[in-house]
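Engineer: Have a look at this fold, sequence not included:
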């Protein structure tokens, strides 16, 4: 089979890389799945590599040395150049411990184990992920691990099959099915991070592309059929890119649609000749982006990561993003033109021995540089000492103050008597909601008299406190709504406090639906004679508060509420208050009005403890502080104790000049 250049595969690469760049750097709406671009790349890689190996084995020219020489020339020069240049700003923008993690990640990149490294460190969709300049290299590690196995597999199967054409697709299909089954099993057993980062549960995506390259796979001959299939493929790609929500529900079944779309796109172009195009053609522009897609993928993440580090809020403005995208395109072109092309075209490293020698030498130099960087990052400097105290909160353990595993995200999936059990002779106050409700339980317990008040807690992650089970986004939320409906059918607490991440549930165009669900729930509780208080939007920050405080201290700039607090919460607070008028059985309490005087929210309390340990969730001390401010407004004053006027102060950065 002659492997002619396929322009349409560069178009597909362009779709994939632009989707990834948009997801990582342009901060699109929550329902945007640009991260599936990586899955598209996996399908493309499987198709191209399988086709090359199969054709060379059939021609009797296959060589493992030649295969890995091509991989070295294709992947390592641009990757190593990016890693080496990225190390330079790490000494200016990263804290001591972050530099240590950075140089450890460099080692994992060189050894193609970064998927393991970042799997152990952080979730791909977590807020801390944006603080890892080399996080995106996990996918390259998965590819390289696949390349270690696939040539041996294909060579062995083709040699043993003795010309039987059905053997290879049967083996690839069986292995792909086993890999997909493993992925689904991991997702079902709450190990989505394993399914995301590890090679075996991702192998089916490569193998799906590989099946297309098997000799004898049906080819579309009719132009109309090719056009129809390509249209279906584009629709299948667009659906997850523009609607899939990031989080633990990926990959699993959610990865099927983009992989099927990529496979159909490739299939529709088999045998279609590449046409000459003007440079002004949009398809020529797409081809160009596809050609530089590898360098574009390599450079987009660290450039935007370090740009965020230069901002006090760790958030980029629109003008910043546009300028950075232009810079990324320019740098990616230079990398493709002066790094990728010379090595692939053999104008540099003319022989195979030269290629392997240069790769080995570069690997040794980068490992030596990483070792030196680790040594220089062992002892914190004077400027780091304050930041190190704050940094502890980036790894904050919320299990005890949130009662996680029992009354927040119960391991059994149901709330027992420890969470919802009544006690005779006490007032029963129920805190109902998601993690934004669980964050208040520590402060509420500290402000009430346990002899007079029994605090009940029913909190489930990412689940709005509503009886409308159909509106809940997943099975656990529907089960949660049904359990609470059954609870109120048998129990009548003296007061119910509703709290949740209203900003998330009110994202356009969902505000009216959220309000309708809340009104229905409040009305039902009112009919039961149960007073309800809804706590408005919580204080939310533009990024992880501890990280922002560390950056401010490192750069010796003032930590200001205006720079740190997410402004959207104030408008939402006003809109919710207007949409949920008070009544005899219902009251709306503005958390922001109680905590943020003149829209100036506290950043730290009690001698420098961050109010939140991430972008919004309160520390135990933050919970006590906020609930102290809310206590007089909840109508439970007789059961509260403690000082509701606990003082706070914003972070004061000492002058270290």
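Structural biologist: Structure received. Note that the coordinates shown come from a computational prediction; the quantities given were computed from them, not determined experimentally.
Engineer: after the top helix by length along the chain, next one along is what?
Structural biologist: The longest helix of the chain (DSSP state H) is helix 64-93. Downstream of helix 64-93, the first helix or strand assigned by DSSP states H and E is helix 96-110.
Engineer: pLDDT of the next helix or strand after that next one, averaged?
Structural biologist: Following helix 96-110 in sequence order, the next helix or strand is helix 114-121 (DSSP H and E). Regarding helix 114-121, the rounded mean pLDDT is 88.
Engineer: Going by neighbour count, list what's buried in helix 114-121.
Structural biologist: Buried residues in helix 114-121, defined by neighbour count with 16 or more other C-beta atoms under 10 Å: 114-119, 121. In short, each C-beta sits where N, CA and C put it, glycine included.
Engineer: ok, which pair from those residues is furthest apart?
Structural biologist: 115 and 121 (10.9 Å; C-beta to C-beta).
Engineer: Can you report how many residues neighbour residue 504?
Structural biologist: Per other C-beta atoms under 10 Å, the neighbour tally for residue 504 reads 16.
Engineer: In what element of secondary structure is it found?
Structural biologist: helix 502-505.
Engineer: Tell me, how many residues neighbour residue 18?
Structural biologist: 20.
Engineer: What of residue 406?
Structural biologist: Counted with other C-beta under 10 Å, residue 406 comes out at 16.
Engineer: cool, and residue 206?
Structural biologist: 29.
Engineer: now the one 4 residues further on
Structural biologist: Around residue 210 there are 31 other residues, counting by other C-beta under 10 Å.
Engineer: tell me the secondary structure for the residue lying closest to it once chain neighbours are set aside?
Structural biologist: Distances taken as C-beta to C-beta, 6 or more residues apart in numbering put residue 50 closest to residue 210, at 3.6 Å, once the chain neighbours are dropped. Put simply, residue 50 is helix when judged by DSSP: H, G, I helix; E, B strand; the rest coil.
Engineer: My guess is residue 50 contacts residue 155. True?
Structural biologist: No. Assessed by C-beta atoms under 8 Å, residue 50 is found out of contact with residue 155, at 11.6 Å.
Engineer: Pick out whichever of the two has more residues nearby.
Structural biologist: Between residue 50 and residue 155, residue 50 has the larger neighbour count (other C-beta under 10 Å), namely 24 against 17.
Engineer: got the buried residues for stretch 608-621?
Structural biologist: For stretch 608-621, by 16+ other C-beta under 10 Å, it's 609-621.
Engineer: so which of those residues comes closest to residue 323?
Structural biologist: Using C-beta to C-beta, the buried residues of stretch 608-621 come closest to residue 323 at residue 615, 24.8 Å.
Engineer: name the element the closest one belongs to?
Structural biologist: Per DSSP H and E: nothing holds residue 615, as it lies in no helix or strand.
Engineer: Would you quantify the distance from the residue lying closest to it once chain neighbours are set aside to residue 596?
Structural biologist: Nearest residue to residue 615, sequence neighbours excluded (C-beta to C-beta, 6+ apart): residue 541, at 5.1 Å. Shown here: residue 541 relative to residue 596, a distance of 12 Å by C-beta to C-beta, to the nearest Å.
Engineer: shared neighbours of those two, anything?
Structural biologist: residue 565 (C-beta atoms under 8 Å, 6 or more residues apart in numbering).
Engineer: So which of these two has more stuff around it?
Structural biologist: residue 541 (28 against 19).
Engineer: Name the residues of the helix or strand containing residue 446 that are buried.
Structural biologist: When elements are assigned from DSSP H and E, residue 446 belongs to helix 441-447. Neighbour-count burial for helix 441-447 flags 441-447 (criterion: 16+ other C-beta under 10 Å).
Engineer: same thing with stretch 212-222?
Structural biologist: 212-214, 220.
Engineer: again with stretch 480-487
Structural biologist: 480-481, 483-484, 487.
Engineer: Ok, stretch 351-369 next?
Structural biologist: Neighbour-count burial for stretch 351-369, counted by 16+ other C-beta under 10 Å, picks out 352, 355, 358-359, 362, 366.
Engineer: how far away is the residue nearest to residue 210 from residue 206?
Structural biologist: Counting by C-beta to C-beta, the gap from residue 50 to residue 206 is 8 Å.
Engineer: All the helices of the stretch 351-500 of the chain, residue numbers only.
Structural biologist: Counting by DSSP state H, counting those that start in this stretch, the stretch 351-500 of the chain has helices at residues 352-376, 384-391, 399-402, 417-420, 435-438, 441-447, 475-490.
Engineer: Out of those helices, name the one with the poorest average pLDDT.
Structural biologist: helix 384-391 (a mean of 73).
Engineer: Between the two ends of stretch 116-134, how far is it?
Structural biologist: 13 Å (C-alpha to C-alpha, to the nearest Å).
Engineer: could you point out where this structure is predicted with low confidence?
Structural biologist: 1-3, 29-31, 122-130, 380-384, 388, 469-473, 635-657 (pLDDT under 70).
Engineer: how many other residues sit next to residue 499?
Structural biologist: For residue 499, the count of nearby residues is 25 (other C-beta under 10 Å).
Engineer: ok, it touching residue 535?
Structural biologist: Yes. Applying C-beta under 8 Å, one finds residue 499 in contact with residue 535, separated by 4.2 Å.
Engineer: shared neighbours of these two, anything?
Structural biologist: 437, 440.
Engineer: can you tell me how far residue 424 sits from residue 620?
Structural biologist: Relative to residue 620, and taking C-beta to C-beta, residue 424 is found at 29 Å.
Engineer: how near is the residue nearest to residue 589 when sequence neighbours are not counted to residue 260?
Structural biologist: Nearest non-adjacent residue to residue 589, counting by C-beta to C-beta, 6+ apart: residue 633, 4.9 Å away. Using C-beta to C-beta, residue 633 is found at 53 Å from residue 260.
Engineer: What of residue 419?
Structural biologist: From residue 419 to residue 260 the distance is 43 Å (C-beta to C-beta).
Engineer: who has more neighbours, these two?
Structural biologist: residue 419 (19 against 16).
Engineer: how about the closest residue to that one other than its chain neighbours, phi and psi?
Structural biologist: Leaving aside its sequence neighbours, residue 419 sits nearest to residue 407 (C-beta to C-beta, 6+ apart; 3.9 Å). The phi and psi values for residue 407, taken as degrees, to the nearest 10, are phi -100, psi -10.
Engineer: so who does residue 407 touch?
Structural biologist: 415, 418-419, 438, 441, 457-459.
Engineer: Of these, just the buried ones, ChimeraX syntax please.
Structural biologist: Command for ChimeraX that selects the buried part of those, burial taken from 16+ other C-beta under 10 Å:
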select :415,419,438,441,457,458,459
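Engineer: ok, of the contacts of residue 407, which one's closest to residue 299?
Structural biologist: Nearest to residue 299 among the contacts of residue 407, with distances taken as C-beta to C-beta, is residue 438, at 39.7 Å.
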